[in-house]
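A.B. asks: Give me a model of this one.
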Amino acid sequence: FQYCVLYSWGMGKSSHNVITAKPLELGAKLFCRWRNQDYKPCEVIERKQKTNVETGQPGDWEYYVHYEGLNRRLDEWVSLDRFDLGSVTEEGKLTRTSKRKFDHEEHEEEGELDLATLKEHEEATKVKNISRVVFGQWQMETWYFSPFPKEYQQADVLYFCEFDLSFFSRREQLQRYLLHKCPRYHPPGDEIYRDSTISIFEVDPQNQRIYCENLCLLAKLFLDHKTLYYDVEPFLFYIVCEVDSDGAHMVGYFSKEKHSSEEYNLACILTLPCYQRKGYGKLMIAFSYELSKRERKLGTPERPISDLGLVSYRSYWVYALLEILQKHRGSISIQELSDMTSFRTDDIVKTLQAFNLIRYFGGQHSIYVSPNTLETYYTKAKPNWIIDSSKLQWTPYSERIR
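C.D. replies: Numbers count the residues shown, from 1 in each chain. Predicted structure coming up:
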């Protein structure tokens, strides 16, 4: 441990000598014990020294680390005993042997920011400030920094009212609020869709600005490159809920510009971690296109779109196209598909190409659907995101009397 830990003698508040360790340097690269007990290469991003509650004297150091090749959502605070201190040189860099152990996984591409802005963003948000949130019956570990007001920056846990999104730093504050001050059992705004246990509310920040701002702060804990926090006025927010006897519980949301010159029908989308992998993401995508059909417009997600977002969209696009193609007899054009789905023609073409559904026959391009493709991406897909348009009670924003 001679490279990392140097001991010095100092005097504390008592007359006893106190041993304090020189902390690891910021930027130090070494191996850290991961959750499955394997060691992964990491970089020390930040550090803080705890205070001994009983004596008031400086205590052990903790380090905020980023694991090489992993998404920033997995950054965490660790104690010194989690490190393999022998993997560090005097300069705090990985030894030649250690470097060969690097994973070469690439970071998830978020796609929202240019390179210069991305670097500035990552520097400003490099340390996760809130570790967990309590939301209804769920407690969730957060993934990223979010710019909550200063008085909440040091709160390890934030407690949210799941209905109006008020938040508190102590559980008893939330309990008093729910008991005496919160009359709601569902999000504010207008319920525009209800099908069995699924309900969707439209919230306009012109009427519910605080709710929308708090929603963006909550979402930022789980979205790395989200930059909209307080400029909520140009958007409408659609809150998807599971409904039971205790109320309408938010599972996720998407936002949509009130006026888009680019045919964007979805700006930002989030399914809360406790509800992920249940099809809610595709349900929100399908709902955004149902709104486009009511507007008699084509729709597409805001660009640029992340790699993971593109995977979700193409999965939805190919299912919707195959649903039409497997029933259709005779020729059909890309424009006709666009008219039937409200998809932009370029989204249709790129999806067909991505799934190898365009072939060249007899001097022209044709759409060809093999039995294997139909089975894989349609028959076995079993969607739970089908929207019943007859249950949508909604008027396009441009047609409303204000």
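
A.B. asks: which of the residues in the helix or strand harbouring Pro41 are buried?
C.D. replies: In the assignment (DSSP states H and E), Pro41 maps to strand 39-51. Neighbour counts over strand 39-51 (16 or more other CB atoms under 10 Å) mark Tyr39, Lys40, Pro41, Cys42, Glu43, Val44, Ile45, Arg47 as buried. Any C-beta I mention is one placed from the backbone N, CA and C, and that applies to glycine too.

A.B. asks: Stretch 386-402 now?
C.D. replies: Judged by neighbour count using 16+ other CB under 10 Å, the buried positions of stretch 386-402 are Ile387, Leu392, Tyr397.

A.B. asks: For Ser317, grab the count of nearby residues.
C.D. replies: If you look again at residue 317, you'll see it is Trp, not Ser. Taking other CB atoms under 10 Å as the criterion, the count of residues near Trp317 is 22.

A.B. asks: all strands of the stretch 151-300 of the chain, in order?
C.D. replies: In the stretch 151-300 of the chain, the strands defined using DSSP state E, counting those that start in this stretch lie at 157-160, 167-168, 190-195, 198-203, 235-244, 247-257, 264-266, 268-271, 300-301.

A.B. asks: tell me what the second one is packed against?
C.D. replies: The helices and strands touching strand 167-168, judged by 3 or more CB pairs under 8 Å, 6 or more residues apart in numbering; DSSP states H and E, are strand 157-160.

A.B. asks: Show residues contacting the strand it packs on.
C.D. replies: Applying CB atoms under 8 Å, 6 or more residues apart in numbering, the external contacts of strand 157-160 come out as 130-136, 139, 148, 152, 166-171, 173-174, 218.

A.B. asks: What about Tyr177, how many residues nearby?
C.D. replies: Neighbours of Tyr177 under the rule other CB under 10 Å: 16.

A.B. asks: My error: substitute Arg33 in the last question.
C.D. replies: Neighbours around Arg33, by other CB under 10 Å: 15.

A.B. asks: what sits against it?
C.D. replies: Arg33 sits next to Tyr39, Arg82, Phe83, Asp84 when contact means CB under 8 Å, 6+ apart.

A.B. asks: The nearest residue to the last one once chain neighbours are set aside: neighbour count?
C.D. replies: Nearest residue to Asp84 in three dimensions, chain neighbours excluded: Phe31, at 4.1 Å (CB to CB, 6 or more residues apart in numbering). Phe31: 22 surrounding residues under other CB under 10 Å.

A.B. asks: Phe31 sits in which helix or strand?
C.D. replies: strand 29-33.

A.B. asks: Tell me where this structure is predicted with low confidence.
C.D. replies: The model of the chain has pLDDT under 70 over residues 1-21, 88-126, 225-229, 402.

A.B. asks: Which residues does the lengthiest helix in it contact?
C.D. replies: If you go by DSSP state H, the chain has its longest helix at helix 307-325. Defining contact as CB under 8 Å, 6+ apart, one finds that helix 307-325 is touched by 108-109, 111, 269, 281-282, 285-286, 301, 305, 332, 337, 340-341, 343, 347-348, 351-352, 354-355, 357, 367, 369, 373-374, 377-378, 381, 383, 385.

A.B. asks: Touching, Tyr377 and Leu357? I think so.
C.D. replies: No: Tyr377 is beyond contact range of Leu357, at 9.5 Å (criterion: CB atoms under 8 Å).

A.B. asks: which residues touch Tyr211?
C.D. replies: So Tyr211 contacts Asp164, Leu165, Pro187, Pro188, Val203, Pro205 (CB under 8 Å, 6+ apart).

A.B. asks: got it, and Leu283?
C.D. replies: Going by CB under 8 Å, 6+ apart, Leu283 touches Ile198, Val240, Asn384, Trp385, Ile387.

A.B. asks: mind listing what's buried in the longest helix of the chain?
C.D. replies: In terms of neighbour count (16+ other CB under 10 Å), helix 307-325 has its buried residues at 309-310, 312-323, 325.

A.B. asks: tell me how far that helix is from the chain's mean position?
C.D. replies: How far helix 307-325 lies from its chain's middle: 20 Å, per CA atoms, centre = their mean, to the nearest Å.

A.B. asks: Could I have the CA atoms of that helix written out in CSV?
C.D. replies: Written as CSV, here are the backbone C-alpha positions of helix 307-325 (Å, rounded to 0.1, in the frame of the first residue of the first chain):
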residue,chain,number,x,y,z
ASP,A,307,-29.1,4.4,-29.9
LEU,A,308,-31.3,2.8,-27.2
GLY,A,309,-34.2,5.1,-28.2
LEU,A,310,-33.8,4.1,-31.8
VAL,A,311,-34.0,0.4,-30.8
SER,A,312,-37.3,0.9,-29.0
TYR,A,313,-38.8,2.9,-31.9
ARG,A,314,-37.7,0.5,-34.6
SER,A,315,-39.2,-2.4,-32.6
TYR,A,316,-42.5,-0.5,-32.5
TRP,A,317,-42.3,0.7,-36.1
VAL,A,318,-41.6,-2.8,-37.5
TYR,A,319,-44.5,-4.3,-35.6
ALA,A,320,-46.9,-1.7,-36.8
LEU,A,321,-45.8,-2.1,-40.4
LEU,A,322,-45.9,-5.9,-40.3
GLU,A,323,-49.4,-5.7,-38.8
ILE,A,324,-50.5,-3.9,-42.0
LEU,A,325,-48.4,-6.0,-44.4
